[in-house]
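Q: could you work out the structure for the sequence below:
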Amino acid sequence: MAVEGQDKVIAAAQHIVKSLATSKNAADDMIRILSRFDNRLSSIHDLFPPPPSSSSSSPLPPAAAAAAAAVEVILRWDASPDALVWDASPEAAAEYLAAVDAATAAEGGGGADAVVQLAMARLEDEFQHLMVRSTVPLDANGLSCSIRRLSLSFGSDGGESPVADDLDSSAEFDQQHPPLPRSGSVGESANFDDQNAELVRPEAISDLKEIADRMIRARYGRELGQVYTSVRRDILDECLSILGVDRMSIEEVQRLEWKYLDEKMKKWIQGLKLVIRVLLSGERRLCDQIFASDDDLREECFVETTKGCVMQLLNFGDAIAICPRSSEKLFRILDMYEALADVMPNLRALFSSDDFICGEAEGTLSRLGDAVLGTLLEFGNAVRRETSRRPMQAGEIHPITRYVMNYLRLLVVYSETLDLLLNDSGVVGVDGNHNELVDSDDIQNLGSMTPFGRRLFTLISYLETNLEEKSKLYEDGAMGYIFLMNNILYIFNKVNDSELGRILGDNWIRRRRGKIRQYSTSYLRISWTKTLSYLRDDGFGSGSGSGSSHGSGSRMTLKDRFRSFNLAFEEIYRTQTTWKVPDVQLREELKISISEKVIPAYRFFMGRFGGQLDGGRHATRYIKYTAEDLENNISDLFEGLPGLTNHPRRRV
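A: Residues are numbered from 1 along each chain as shown. Predicted coordinates for the structure are as follows:
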């Protein structure tokens, strides 16, 4: 290699001398200039025969003098391979660039000359050193400003889910479907483009451009591009590592536990936005500045520098898209889908000349969309198939109801995205196994809903059907209706006071109000019909006289009636005070409905027949309660009181 290098230098010297030696003095001057720079040229006199004699001795022409000076500068720096021109001084850099210009011009713009090759090799080293030295550090501090802006646009990480306190993690359904993702970020998109992001210190860019211009003119663009892409690609890889976006195989992604995978997905979302909108946009501007003199090289360097970084991001998205479906992943996958959709215009603009990158990104976006739909489908199937057989002891709200409704409320944040993904044709309703919840009004209403609205209707219908089945687990039918009232009212409230109500529409809301009234009527009928039957007249006569058996009725029968009523009421009190209706308004409405049926009937019966027992032996054994006692006792119903202490209150 040393011999080859020496041969190139000597060949360069020969070429310069032959092309510039127009006189004996010029040749002698050139040989003298060359021979004092390097021992490789010490025997340069032996390489050239004396030129033909000239009638006059003339100095070197300007072109020859310039070439000689250029060679002097280039060889002087070549003799000090460890020294760096741009570290010396701006004047040294300017001198060296001028020497390269002169040497290149002397060769007519060609790049085969050995001296030019020496200069290009140095410029390549200088360019690489300058790139590395002037790169803005991409550590946590260097990226902190953009990361903070990105975090603020997504909300605080690690915050409690808006519904975390509303989930019962001990319930069977929640054991199968872990709590919803903790994030204040769902659905929100970052909206920034840091045009002032500096990847390389501005004062170095002009120097890099000057070097690039010389190498491009000398037809060393390929070597220049290799140096540039090597340095910048490593920087971007380091940036991804700092952002927590690690290079992982599909198998590694799928083996991660959910809590670790969730963190990776959040970091991917932040990293994607930061890389595409800040770093790659900055990389594009950097390429445009440094390679301004060669459009093809500029495009090639940008693509080669950035495609590895982009593909690493897309590969993680693809790995997530094919992971096993589970309900807790849906929100984070939606975040990923929206993040990628948000930056797609940026990607298309950045890679307008490269169909491959844009095609890969669109493919990943499509697969993430399919994952959203598949996960949503699995969620619906989980709601339908949830078959816990343990009834709620107090008839309270079932964990599946809380989970599903809070899940759907969070989905509303993504309604636009879900409308786009669910934009199918025709009416999407419940299937044939769930038609008991759908009548002609519902079918007509479905047709006017958005695609997401129809899916919401379907999911809530699955839940309502499941609750109907669970209500049959109660031996006491009245308690089953309390359970249904509690749960349907919970669903109603979650819809009515949120965007769900707007999406499902007034008809849906009106029909659920009617359903709650229907359950209330059924509860009253099952629970109180028998008790109230003991207060019917049933042929006791006109009640106009106390001595007539036909007018007053049988005293024994009256005693049985009062005794039976007392026992029935006490049994209801003992059981239904342990039942719980959490909603204050529903609880009071139920008590009012009961009082409106029981108290007037009791007062009427007491007023008409109570006198026949007053004054008799053990009358208080049969007439235990006043109407006011009953009303006070009714006020204790549905409060979830401890069962062992439940005894009706009575007058003393």
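Q: how's the chain carved up into domains?
A: 2-112, 140-150+199-373, 386-524, 534-645 (automatic domain parsing).
Q: dump those domains into TSV; add distance to residue 380 as well.
A: Quick note: C-beta positions are derived from backbone N, CA and C, even for glycine. Below are these laid out as TSV (distance: least, CB to CB, whole Å):
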stretch	distance to residue 380
domain 2-112	64
domain 140-150+199-373	10
domain 386-524	5
domain 534-645	27
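Q: now those as CSV including mean neighbour count and distance to residue 132?
A: CSV is the format used below for these (neighbours: other CB atoms under 10 Å; distance: least, CB to CB, whole Å):
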stretch, mean neighbour count, distance to residue 132
domain 2-112, 16, 12
domain 140-150+199-373, 18, 6
domain 386-524, 18, 42
domain 534-645, 16, 66
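Q: nearest to residue 131, of these?
A: Shortest separation from residue 131 across the domains of the chain is recorded for domain 140-150+199-373, at 4.6 Å, computed as CB to CB.
Q: pLDDT of the closest one, averaged?
A: Averaged across domain 140-150+199-373, pLDDT comes to 91.
Q: any idea whether residue 352 is helix, strand or coil?
A: coil (DSSP: H, G, I helix; E, B strand; the rest coil).
Q: please report how far it lies from residue 276.
A: Taking CB to CB, to the nearest Å as the measure, residue 352 falls 14 Å from residue 276.
Q: again with residue 609
A: 86 Å.
Q: element containing the residue nearest the centre of the chain, please.
A: Central residue of the chain (CA atoms, centre = their mean): residue 335, 2.0 Å from the mean position. According to DSSP states H and E, residue 335 maps onto helix 330-350.
Q: right, and the helix or strand after that helix?
A: Next element after helix 330-350 (DSSP H and E): helix 355-385.
Q: which strands and helices lie in contact with that next one?
A: On a contact count with 3 or more CB pairs under 8 Å, 6 or more residues apart in numbering; DSSP states H and E, helix 355-385 meets helix 295-321, helix 330-350, helix 399-411, helix 415-421, helix 451-471.
Q: now it against helix 399-411, angle please.
A: 150 degrees (axes from the mean of the first three to the mean of the last three CA atoms, to 10 degrees).
Q: relative orientation of helix 355-385 and helix 330-350 in degrees?
A: Using the same axes, to 10 degrees: helix 355-385 against helix 330-350 is 170 degrees.
Q: gap between helix 355-385 and the chain center?
A: Offset of helix 355-385 from its chain centre (CA atoms, centre = their mean, to the nearest Å): 13 Å.
Q: pLDDT weak spots in the chain?
A: 1-64, 107-113, 138-198, 424-444, 539-553, 614-619, 643-647, 649-652 (pLDDT under 70).
Q: mind doing that once more with 80?
A: Within the chain, the stretches with pLDDT under 80 are 1-68, 106-113, 136-199, 389, 424-447, 538-554, 610-621, 643-652.
Q: and residue 135, backbone torsions?
A: When read as degrees, to the nearest 10, the backbone of residue 135 gives phi -70, psi 130.
Q: cool, residue 637 as well?
A: Per degrees, to the nearest 10, the backbone of residue 637 is at phi -70, psi 150.
Q: hang on, residue 219 in a strand?
A: No: using three-state DSSP, the secondary structure at residue 219 is coil, not a strand.
Q: distance of it relative to residue 518?
A: 86 Å.
Q: try residue 501
A: Distance from residue 501 to residue 518, by CB to CB: 20 Å.
Q: gap between the helix or strand where residue 481 lies and the chain center?
A: Applying DSSP H and E as the criterion places residue 481 in helix 477-496. Here the centre of helix 477-496 is set off from its chain's centre by 33 Å, with CA atoms, centre = their mean.
Q: now do that helix and helix 399-411, the angle between them.
A: 10 degrees.
Q: which residues touch the residue lying closest to residue 343 once chain neighbours are set aside?
A: Distances taken as CB to CB, 6 or more residues apart in numbering place residue 276 nearest to residue 343, at 4.2 Å, with adjacent residues excluded. Residue 276 makes contact with 310, 343, 346-347, 350 under the criterion CB atoms under 8 Å, 6 or more residues apart in numbering.
Q: re earlier: so the residue nearest to the centre of the chain touches residue 268, yeah?
A: No: counting by CB atoms under 8 Å, residue 335 sits too far from residue 268 to count as a contact (9.3 Å).
Q: which elements pack onto the helix or strand containing residue 93?
A: Assessed by DSSP H and E, residue 93 sits inside helix 90-106. When contacts are defined as 3+ CB pairs under 8 Å, 6+ apart, helix 90-106 sits against helix 2-20, helix 62-78, helix 85-88, helix 114-134, helix 202-217.
Q: quick one: the ones you listed as CSV, columns for distance to residue 367 too.
A: Output for those, formatted as CSV (distance: least, CB to CB, whole Å):
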stretch, distance to residue 367
helix 2-20, 53
helix 62-78, 54
helix 85-88, 47
helix 114-134, 36
helix 202-217, 39
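Q: right, and those helices - which one's nearest residue 576?
A: helix 202-217 (78.4 Å).
Q: between the closest one and helix 114-134, how big is the angle?
A: 150 degrees.
Q: so who does residue 261 touch?
A: 253, 323, 329.
Q: against residue 290, how distant is it?
A: 39 Å.
Q: tell me the one of the contacts of residue 276 nearest residue 369?
A: Distances from residue 369 to the contacts of residue 276, taken by CB to CB, are shortest for residue 343, at 15.2 Å.
Q: and that closest one, how far from residue 501?
A: 33 Å.
Q: same thing with residue 119?
A: Counting by CB to CB - residue 119 and residue 501 are separated by 75 Å.
Q: list the contacts of residue 295.
A: Counted by CB under 8 Å, 6+ apart, residue 295 has zero contacts.
Q: and for residue 309?
A: Residues counted as contacts of residue 309 (CB under 8 Å, 6+ apart) are 233, 236-237, 239-240, 275, 279-280.
Q: how does it look with 10 Å?
A: Contact analysis of residue 309 by CB atoms under 10 Å, 6 or more residues apart in numbering lists 232-233, 235-237, 239-240, 245, 271, 275-276, 279-280, 283.
Q: quick check: the gap between it and residue 232.
A: 10 Å.
Q: how about residue 507?
A: 59 Å.
Q: repeat for residue 620
A: Residue 620 is 98 Å from residue 232, by CB to CB.
Q: what do you get for residue 537?
A: For residue 537, the distance to residue 232 - CB to CB - is 97 Å.
Q: any idea which helix or strand comes after the helix or strand where residue 252 lies?
A: Per DSSP H and E: residue 252 is located in helix 250-255. Using DSSP H and E, the next helix or strand after helix 250-255 towards the C-terminus is helix 258-274.
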